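> model the structure of this input:
(one chain, ligands or ions: 1)
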Amino acid sequence: MTQPNPQALDRIRIVLTRTSHPGNIGAAARAMKTMGLSQLHLVAPAIFPNSQADAMASGAGDLLAGARVHATLAEALADTTLALGLSARRRDIAADMLTPGEAVSRILSEAPDADVALVFGNEASGLSNEELEQCQGLVTIPANPDYSSLNLAAAVQVLSYEIRRQWLGRFDWSQPEADMANNGEIERFYTHLETTLAELDFLNPGSPGRLMSKLRRLFSRTRLSREEVNILRGILSAAQAAGTRRDNS
Ligand code: SAH
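Residues are numbered from 1 along each chain as shown. Next comes the predicted model:
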């Protein structure tokens, strides 16, 4: 997996082509900024700059001020290595159809080292075939098949959130907190757990079945900190003491 890179988000651009309603540009800027994205590129917007865009951007006016305006999509994509187009409809073109999750995984793999783009179409007509052909892949948000067209800024929000979600996931996994329990400590916890469950007659050592494997799977879904292991082992010790008192009474 790619190393996490806080700068990766700065290499992802959101490209809005031929946007009709300036309010959507402002709402898209807001959607981006809430998720930590900043690079907004506009291709031949109908009306920009505009007070409706400013109003919808709310506190994200800085993204509008920094937006790059291009005459053509080719110009907006010239220095990118990967451009993925967003389309509600399947088209008969020879491009990969990606889910947002797959698309963002690709984007984040490239983003630390190169500029990448997500391209969104006009509100009424979407991306033209000519625009789609300039993209290396096609992304569809799996929406209600009977009503699958999201508002432009809502589509930007879905992808921006997916970027942030995956980016945070990579970040968390590769920057472990200092107090993570190591595997030796976790193994000693499992031994303690097994002993305690046997003492409490919850587990029969003669026929343990798959209980310990199932409990291991449960705990391995999380990353236990040293403090959490200590709490769990404290609970086990308390249970053992209570069991001993019960047996002696
Ligand atoms: N009638 C147009 C809808 C455009 S909505 C069409 O059929 O394409 C404006 C833009 O939002 C689209 O061009 C696309 O980039 C994005 N969008 C809206 N709904 C989407 C969906 N379900 N999947 C992917 N992109 C979507």
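
> how close does Ile14 sit to the ligand?
From Ile14 over to the ligand the distance is 10 Å, taken as C-beta to the nearest ligand atom, to the nearest Å. Bear in mind the C-beta positions are built from the backbone N, C-alpha and C, glycine included.

> is it true that that residue touches Gln39?
Yes. Shown here, Ile14 and Gln39 form a contact pair, counting by C-beta atoms under 8 Å, at 6.8 Å.

> so which of those two has more stuff around it?
Neighbours per residue, other C-beta atoms under 10 Å: of Ile14 and Gln39, the larger number sits with Ile14, 25 against 19.

> helices or strands up against the helix or strand that one falls within?
Assigned by DSSP states H and E, Ile14 belongs to strand 12-17. Applying 3 or more C-beta pairs under 8 Å, 6 or more residues apart in numbering; DSSP states H and E, we find strand 12-17 packed against helix 22-34, strand 39-43, helix 73-77, strand 116-120, helix 152-174.

> in a markdown table: the ones you listed, plus distance to the ligand and mean pLDDT.
Shown next, in a markdown table, are the helices and strands packed on strand 12-17 (distance: least, C-beta to the nearest ligand atom, whole Å; pLDDT from 0 to 100):
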| stretch | distance to the ligand | mean pLDDT |
| --- | --- | --- |
| helix 22-34 | 8 | 98 |
| strand 39-43 | 12 | 98 |
| helix 73-77 | 12 | 96 |
| strand 116-120 | 4 | 97 |
| helix 152-174 | 4 | 88 |
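
> tell me the most buried of these?
strand 116-120 (a mean of 26; mean count of other C-beta atoms under 10 Å).

> what's the angle from that one to strand 12-17?
30 degrees (axes from the mean of the first three to the mean of the last three C-alpha atoms, to 10 degrees).
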